[in-house]
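>>> this one's sequence-less:
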């Protein structure tokens, strides 16, 4: 081990430590006082409900834990988007669970809450996963109703998705464990089966105060829309539960009786751990996003037995394409090589940059994986496509377009891991969020932006100084340096993986050592959904 390995290891372990610290804070939801208040009503918190529901000794993954971080501060914040989303196992069956966190603004829906719920439903639809809703919400957060209510990707899309999932035969079960009001009342009732907790659960389009104001009727909320009303009079709900645990036990019993699913048939053999020490990832991954490293060494620590079959090893070397297994599942890996590489013609190519030949190789490999029904795993550390006259004359735009076309039309499930840089069109070609990865995750070392903070600051500084000079201002060297640092600080905040995660541009920030678990559970989920479309590149320029 050299001194750089040790420095990298210390730095990356600190990043993981910071990640765990921030996750611990997120898991407090609305804070300890609100949790105590919630418990005083005889209710479990959203996370306690999920933990009780899921099989204790099996893996689970949390989607968008950092949603809403550092957003809506003027409204008191919205930790984790006010909703907890996990993929785990109930009675051995893989399921999606969505639970409102009533410790955060009584479970009210902020704009990011809607986006997170839609992402959960999107994952459930793509993978035909049963989805469980644990409802405890005051409905739309009224001060921001214009950003959550009327548009296509807003609140109403949730109910549209309920209907679509029902038509697709995807199991949906809802438990009303607290408030369920106004438009939100449709969600549990559009599920296949709905239950309600006695005395704490309630469902109505308008509460007692609004009923009084609207039609002059005086009635209490329990009589209006409590468990007895909906289980014995209206017939809106199917089961009455005595408390939270009773409701969750009923869900377990229902899930336990669901029949087996049609499988996509992805290849899996006996799982094996990497032979190379996985913890070495911390020392291999450099502290600086500008430094080079060997992506082969990362791959060896992610794949079973540290073994892979490389496709076109001597061609297009700035992208690595290889067949391997992760936790037994066959995968096709498309990874950015971050070392400076030498072509057979003696030319040097920059690591992390996509050249004509590497784009061509990746396109062919993606087509091969689609033909063989092998899920794709993209390992992103990319600064973009090569620029300059040689690349332009060689048709880099055409070759890049072919790669983007192949990624876009791929019918096998895709999974994206952002290790480091994810800049510009490189993000697109390497299956960024816009290209429908089943899951997209980032390591704490990731950066997502059009370009690096340093490059962007230089460009923006030129624009800023030109504007000031037009106004007659004198720009000294000190003033220029001050402007540069100000712009760079602002931009660096935006390239942070936490900035991306808070807006659900990624599904999670994870410890690199959890990567195999996420990909394995992701492919297992995808195996619920047989591939119904054929791979077709459409029209491309050869």
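Everything's here; your move. On a predicted model such as this, the values are computed, not experimentally measured, just so you know.

>>> so where's the stretch 51-200 of the chain uncertain?
Scanning the stretch 51-200 of the chain for pLDDT under 70 picks out the ranges 183.

>>> the stretch 351-500 of the chain too?
Scanning the stretch 351-500 of the chain for pLDDT under 70 picks out the ranges 452-453.

>>> can you rerun that using 80?
Counting by pLDDT under 80, the stretch 351-500 of the chain has low-confidence residues at 393-394, 450-461, 464-469, 473-475, 479-480, 483, 487-488, 491.

>>> and the helices in it?
Using DSSP state H, counting those that start in this stretch, the helices of the stretch 351-500 of the chain run over 356-372, 389-393, 396-409, 424-429, 453-470, 477-495, 497-502.

>>> buried set for the second one?
Neighbour counts over helix 389-393 (16 or more other Cβ atoms under 10 Å) mark residue 391 as buried. Every residue, glycine included, has its C-beta placed from N, CA and C.

>>> ok, now the fifth one?
Within helix 453-470, the residues that qualify as buried by neighbour count (16+ other Cβ under 10 Å) are 453, 455, 456, 457, 460, 461, 464, 465.

>>> let me have those in a markdown table, extended by distance to residue 207.
Converted to a markdown table, these look like this (distance: Cβ to Cβ, whole Å):
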| residue | distance to residue 207 |
| --- | --- |
| 453 | 49 |
| 455 | 54 |
| 456 | 49 |
| 457 | 51 |
| 460 | 50 |
| 461 | 54 |
| 464 | 52 |
| 465 | 57 |
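
>>> widest-spaced pair of these?
453 and 465 (17.8 Å; Cβ to Cβ).

>>> got the phi/psi numbers for residue 333?
Phi and psi for residue 333, reported as degrees, to the nearest 10, are phi -100, psi 130.

>>> now for it: which residues touch it?
Neighbouring residues of residue 333 by Cβ atoms under 8 Å, 6 or more residues apart in numbering: 299, 303, 308, 320, 321, 322, 323, 324, 376, 377, 379.

>>> can you do 7 Å?
Residues in contact with residue 333 (Cβ atoms under 7 Å, 6 or more residues apart in numbering) are 299, 308, 320, 321, 322, 324, 377, 379.

>>> who wins for neighbours among these?
Among the contacts of residue 333, residue 377 has the most neighbours (other Cβ atoms under 10 Å), with 29 neighbours.

>>> pretty sure residue 363 contacts residue 406?
Yes. Between residue 363 and residue 406 there is a contact under Cβ atoms under 7 Å: 4.5 Å.

>>> so residue 132, which of the three states?
Under DSSP: H, G, I helix; E, B strand; the rest coil, the three-state class of residue 132 is strand.

>>> neighbours around it, how many?
28.

>>> one more: residue 103?
Residues within reach of residue 103, counting by other Cβ under 10 Å, total 26.

>>> ok, and the closest non-adjacent residue to residue 297?
Using Cβ to Cβ, 6 or more residues apart in numbering and skipping residues adjacent in sequence, the residue nearest residue 297 is residue 284, 5.0 Å away.

>>> what is the neighbour count of that neighbour?
For residue 284, the neighbour count with other Cβ under 10 Å is 21.

>>> show me the contacts for it.
8, 293, 297, 298.

>>> what's the closest of those residues to residue 20?
residue 8 (18.8 Å).

>>> where's that closest one relative to residue 296, distance?
Between residue 8 and residue 296 the computed distance is 16 Å (Cβ to Cβ, to the nearest Å).

>>> residue 256: neighbour count?
If we define neighbours as other Cβ under 10 Å, then residue 256 has 11 of them.

>>> going forward, the N-terminal residue is numbered 27.
All set: I'll call the first residue 27, so the last point we hit is now residue 282.

>>> how close does it sit to residue 220?
Taken as Cβ to Cβ, the span from residue 282 to residue 220 is 18 Å.

>>> can you pull the domain assignment for this protein?
With domains defined by the TED database, the chain comprises 57-282, 305-472+532-554, 478-521.

>>> redo those domains as JSON lines? Include distance to residue 292.
Below are those laid out as JSON lines (distance: least, Cβ to Cβ, whole Å):
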{"stretch": "domain 57-282", "distance to residue 292": "12"}
{"stretch": "domain 305-472+532-554", "distance to residue 292": "5"}
{"stretch": "domain 478-521", "distance to residue 292": "34"}
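
>>> for residue 43, find the nearest of the ones you listed.
Of the domains of the chain, nearest to residue 43 by Cβ to Cβ is domain 305-472+532-554, at 9.3 Å.

>>> what about that closest one, distance to the chain center?
On the basis of Cα atoms, centre = their mean, to the nearest Å, domain 305-472+532-554 sits 18 Å off its chain's mean C-alpha point.

>>> can you check stretch 55-66 too?
Distance of stretch 55-66 from the chain centroid (Cα atoms, centre = their mean) equals 27 Å.

>>> show residues contacting it.
71, 105, 106, 127, 128, 129, 130.

>>> now it: average pLDDT?
Computed over stretch 55-66, the mean pLDDT rounds to 95.

>>> can you list the buried residues in it?
Applying 16+ other Cβ under 10 Å to stretch 55-66 flags 55, 56, 60, 61, 64 as buried.

>>> for residue 117, state which of the buried residues of helix 479-496 is nearest.
Checking those against residue 117 by Cβ to Cβ gives residue 479 as the nearest, at 47.7 Å.

>>> list phi and psi for the most centrally placed residue in the chain.
Compute the mean C-alpha point of the chain, and by Cα atoms, centre = their mean the closest residue is residue 533, 1.3 Å away. With angles defined as degrees, to the nearest 10, residue 533 sits at phi -80, psi -20.

>>> then residue 348?
phi -160, psi 150.

>>> which residues touch it?
325, 334, 335, 336, 337, 359.

>>> secondary structure element for the first one, which one?
When secondary structure is defined using DSSP states H and E, the element that contains residue 325 is helix 321-326.

>>> what's that helix in contact with?
With Cβ under 7 Å, 6+ apart, helix 321-326 has contacts from 300, 302, 307, 310, 332, 334, 346, 348, 359, 361-364, 405, 445.

>>> for these, which one is nearest residue 537?
The nearest one, if we look at the contacts of helix 321-326 relative to residue 537 and count by Cβ to Cβ, is residue 307, at 9.6 Å.

>>> find the nearest non-adjacent residue to that closest one, please.
Closest to residue 307 by Cβ to Cβ, 6+ apart is residue 538, at 4.8 Å.
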